[in-house]
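1. when you get a sec, could you give me coordinates for this:
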Amino acid sequence: MLVNLDYVLKKAQKEHYAVGLFNTTDTDMLQAAISAAEELNSPIIIGTAEVLLPFGELKLIAPSVIAAAKRAKVPVVVHYDHGLTFDRCMEALQLGFSSIMFDGSAGDADKNIEDTKQIVKIAHSLGATVEGEIGHVGQAASGDNAVTDSYTTVKEAEDFIAATGVDALAIAIGTAHGAYKQKPCLDLNRLKEIRAAVDTPLVLHGGSGLSDDDFRNSIRDGIAKMNIFTDLCLAGNAAMEKGIKDGLDYLSIRNLKVEYIKEAVKNKIRLFGSENKA
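-> Residues are numbered from 1 along each chain as shown. The predicted model follows:
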């Protein structure tokens, strides 16, 4: 069942669990993610990000992703993650994505607000939802007492939501994209302050590599959407390495990769608490 973010995140926020976004650049990852969600009766968010388009062009993957979402026995959001340009966000909406994220967080703050506001207006007219971002995910601090000025403030969150009308907000509290080289330090107090000040569902990017306790604590303190990609790639790599070592043929390795990625998705679904929440 194809749905938007509102359908899955409002319930998650109310019941204190999180829904995972699993970026899928091909049909192997797509099959793994959808089948994992169906087996565990969990809502799920799937899609791709603008930086991943060289590995799976929108026009190529959108028809299969959207068709799979519509066929699924559980609610599936098809989300365009980290849209960096207006044109690509519009393309995703035209192709049938039910949700998009516009990420102008790296540029001027006022321009981020204006651009996000414009995209929200267009997306809402099409029944799609929009996630925005403020702060700078990707500059994770390290050490038990590390704090950085790039973390999202309460006032920034309040002002951004009021000005743009976004349906979900990605905040920076100490995570980074990709594989962590050292232990991240999450500012859970900042998260709790933002959660207490706004009603909009909050999103944590850079989830791959966090500890189970990091996930549980972040969800406990107000995160309703978790983004995962690197962990899926690592699972796929492990499957290919095993398949080659065992002398499997190409198609057998492909199926092994689906199984490994599927297990990685199921592990996260259980950890996020969304099992049997469909």
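
2. ranges for the strands of the stretch 51-200 of the chain?
-> Here the stretch 51-200 of the chain has its strands, by DSSP state E, counting those that start in this stretch, at 76-83, 99-102, 129-133, 168-170.

3. could those go into TSV alongside mean pLDDT, distance to residue 261 and mean neighbour count?
-> Using the backbone N, CA and C atoms, a C-beta is placed for each residue, glycine as well. Converted to TSV, the strands of the stretch 51-200 of the chain look like this (pLDDT from 0 to 100; distance: least, C-beta to C-beta, whole Å; neighbours: other C-beta atoms under 10 Å):
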stretch	mean pLDDT	distance to residue 261	mean neighbour count
strand 76-83	96	16	26
strand 99-102	96	22	28
strand 129-133	96	23	28
strand 168-170	96	24	25
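
4. now render those as a markdown table, adding distance to residue 41.
-> Below are the strands of the stretch 51-200 of the chain laid out as a markdown table (distance: least, C-beta to C-beta, whole Å):
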| stretch | distance to residue 41 |
| --- | --- |
| strand 76-83 | 13 |
| strand 99-102 | 21 |
| strand 129-133 | 23 |
| strand 168-170 | 23 |
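
5. for residue 266, find the nearest of these.
-> Counting by C-beta to C-beta, residue 266 lies closest to strand 76-83 out of the strands of the stretch 51-200 of the chain; the figure is 15.5 Å.

6. the closest one: partners in the sheet, and parallel or antiparallel?
-> In the sheet, strand 76-83 lines up against strand 2-3 (parallel), strand 44-49 (parallel), strand 99-102 (parallel) (DSSP bridges).

7. where does this structure dip in pLDDT?
-> By pLDDT under 70, the low-scoring segments of the chain are 136-149, 176-184, 208.

8. what about the longest helix in it?
-> In the chain, assigned by DSSP state H, the helix with the most residues is helix 250-272.

9. tell me how far it is from the chain's mean position?
-> In terms of C-alpha atoms, centre = their mean, to the nearest Å, the centre of helix 250-272 is found 17 Å from the chain centre.

10. and the gap between the nearest residue to residue 257 once chain neighbours are set aside and residue 103?
-> Excluding its sequence neighbours, the residue lying closest to residue 257 (C-beta to C-beta, 6 or more residues apart in numbering) is residue 239, at 4.1 Å. Residue 239 sits 30 Å away from residue 103, going by C-beta to C-beta, to the nearest Å.
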